[in-house]
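J.: I'll drop the sequence and a predicted model, then ask my questions.
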Amino acid sequence: MSAEYRLEMKDIKKSFGAVRALDGVSLQVRPGEVHALVGENGAGKSTLMKILSGAYRKDAGEIYLDGHRVEFSTPKDAKDLGISVIYQEFMLAPDLTVAENVFIDKLSAGGILIQWSKLRENTAAQLQKLGFGDINPNAKVSSLTVAYQQVVEICKCLARETRVLVLDEPTAVLTFAEIKKLFDVIRKLKSDGVSVIYISHRLEEIFELSDRITVLKDGGYVDTVLTSETDKAKLVTMMVGRDMKQMFPERRAKIGEAVLEVDGLTSGSMVRGVSFKLHAGEVLGFYGLVGAGRTETMSAIFGSAAKDGGSVKFFGREINFKHPAEAVSSGLGMLPEDRKKMGLLLSKSLRVNTMLASLPKVTSRFGVINHSYEKKIVKEVLDSINTKYPSVDHDASSLSGGNQQKVALAKWISADCKCVVFDEPTRGVDVGAKTEIYKIINSLAENGVAIIMISSEMPEIIGMCDRAIVMRQGSIAGTAVEKGYLDENTLIKLAMGVS
């Protein structure tokens, strides 16, 4: 193979039983290139990267690194050749220090004793080089923010003299300032000759950072294009196989009675005097920078965090939920932002996950579950939202990210909630799945369900919401913004406290 490419994966095939996950996929990445890898959930991106990292063995195909054919039997083989993958779930030891994590593969550098001062000094130099000199090499990783943990992951890769760095949805939980710093880091790596494979569903990031884009669909290779010679519309069409002229489906809002009335709500240090009203059939957006207090506000209402002051009325009746189970039994649901940790039981079946909030529907007064009726309800709900799944008895972990999110949504649909909080409902899912989730939310609203939609994506707030509330430092930044006045300029000014 030509040494023009730092990495070349040619005609890679991989099957899991009867399911063909990759069917002759190819990828070519040049030295010092930011190469975006895109496709819907289930397109094969993760499988291809796991083969590159040595986590999976390919069934067929060839891999070349700087023109030399290579084979990986284990992840260590890939790391030794300079290939590093940073997944959404970081591979860090939380109880060890930053320095220990960065040099975990070579703490003693081949000697008998660990030179701690040199270890900390080298870590500090790496952090300073990346623009994060404020991270203490002696700090435990568990004490760091998610953004800083990501920086530690990148430092750990650089300590191994990485030639190919794969970043999987790296900005999912970062603030604007942190994203900017990460982009600076990536550009620095690029200038140093590191090849970066960038996986993201945020198309604006793809177009800002990448040199070329490779598109996968249904386990197959679609095309590789120069970023400068394409646009979002063309890219989306390649990804989903159809023209998505309307990202946000139209909904004719029929706003009804007040469902939720919050007055002067306080909770801990993150929620201070929050007041708002939510009506039946309304989609009310909550926007703000990371740490603004949006999730904390909803947690205090839902009963998963203590309410220190203020009042909450649900259908005119003052409530003070002490536990989420009380909220659910009253008809209030909440989809958390982290579906893997809080939204789903990944090791449990789709049947269990879907019915988790509505077991009384299928349980007799003697506590016996009617499993045939349960399966019927689960299948109806999952099919109604176009979920792709082998059977209702398969574990949630077996599904793609977009379909996992649909199962998390199905839990609240089956519970017949009158009000649902959706916290970052499309985080980490592809553009096709996003539109389907938007349709689900619109359908619920059209059926009179009151919706709160927390989102960090301004186009999502603008395209989906009837009104939007912007939070800043635990408080509401001004009055709710009506549909006709929703624009990015207004939202970002309110979020940043710019008058």
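T.: Perfect, thanks for sending it. Numbers count the residues shown, from 1 in each chain.
J.: Against Ser275, how distant is the closest residue to Ala280 other than its chain neighbours?
T.: Spatial nearest neighbour of Ala280, excluding adjacent residues (C-beta to C-beta, 6 or more residues apart in numbering): Gly256 at 3.3 Å. (Each C-beta comes from the backbone N, C-alpha and C, glycine too.) Gly256 is 20 Å from Ser275, where distance means C-beta to C-beta, to the nearest Å.
J.: In three-state terms, label the residue nearest to Ala280 for me.
T.: Assigned with DSSP: H, G, I helix; E, B strand; the rest coil, Gly256 falls in the coil class.
J.: Could you check how far the residue positioned nearest the centre of the chain is from Lys434?
T.: Centre of the chain computed as the mean C-alpha position; nearest residue by C-alpha atoms, centre = their mean is Gly428, 3.1 Å away. Here Gly428 is placed at a distance of 10 Å from Lys434 (C-beta to C-beta).
J.: give me phi/psi at the closest residue to Asn370 other than its chain neighbours?
T.: Closest residue to Asn370 apart from its sequence neighbours, by C-beta to C-beta, 6+ apart: Val362 at 5.1 Å. Dihedral angles of Val362 (phi, psi; degrees, to the nearest 10) stand at phi -120, psi 10.
J.: For Glu208, give me the pLDDT.
T.: You'll see Glu208 listed with a pLDDT of 94.
J.: what about the closest residue in space to it that isn't next to it in sequence, distance to Ala396?
T.: Nearest non-adjacent residue to Glu208, counting by C-beta to C-beta, 6+ apart: Phe183, 7.1 Å away. Counting by C-beta to C-beta, the separation of Phe183 from Ala396 is 33 Å.
J.: With Met247 instead?
T.: Counting by C-beta to C-beta - Met247 and Ala396 are separated by 27 Å.
J.: The two: which has the busier surroundings?
T.: Ala396 (23 against 15; other C-beta atoms under 10 Å).
J.: what sits against the more buried one?
T.: Leu344, Leu345, Leu346, Ser347, Lys348, Ser349, Leu350, Asn353, Gln404, Val407 (C-beta atoms under 8 Å, 6 or more residues apart in numbering).
J.: any idea how far Ile197 is from Thr214?
T.: 9 Å.
J.: repeat for Pro137
T.: 37 Å.
J.: Leu27 now?
T.: From Leu27 across to Thr214, the span is 6 Å (C-beta to C-beta).
J.: tell me which element the residue of the chain positioned farthest from its centre is part of?
T.: With distances taken as C-alpha atoms, centre = their mean, the residue sitting farthest from the centre of the chain turns out to be Ile112, at 42.1 Å. Applying DSSP states H and E as the criterion places Ile112 outside every helix and strand.
J.: And Lys13, by the same measure?
T.: strand 7-16.
J.: Touching that strand from outside, list them.
T.: Contacts for strand 7-16 (C-beta under 8 Å, 6+ apart): 1-2, 20-29, 47-48, 51-52, 56, 58-65, 83, 164, 195, 197.
J.: Can you give me the domain boundaries for the chain?
T.: For the chain, the structural domains run 7-240, 258-496, going by automatic domain parsing.
J.: can you tell which of those is closest to Arg251?
T.: Closest to Arg251 of the domains of the chain is domain 258-496 (C-beta to C-beta; 4.1 Å).
J.: so how far is the closest one off the chain centroid?
T.: Taking the mean of its C-alpha atoms, domain 258-496 sits 15 Å from the chain's own mean (C-alpha atoms, centre = their mean, to the nearest Å).
J.: now do stretch 140-156
T.: 17 Å.
J.: mind listing the strands for the stretch 251-400 of the chain?
T.: Applying DSSP state E, counting those that start in this stretch to the stretch 251-400 of the chain gives strands spanning 258-267, 271-279, 283-287, 309-314, 317-319, 332-335.
J.: tell me the most buried of those strands?
T.: Of those, the one with the most neighbours on average (mean count of other C-beta atoms under 10 Å) is strand 283-287, at a mean of 26.
J.: what about the residue lying closest to Leu399 once chain neighbours are set aside, distance to Asn353?
T.: Distances taken as C-beta to C-beta, 6+ apart place Tyr389 nearest to Leu399, at 6.0 Å, with adjacent residues excluded. As judged by C-beta to C-beta, Tyr389 and Asn353 stand 11 Å apart.
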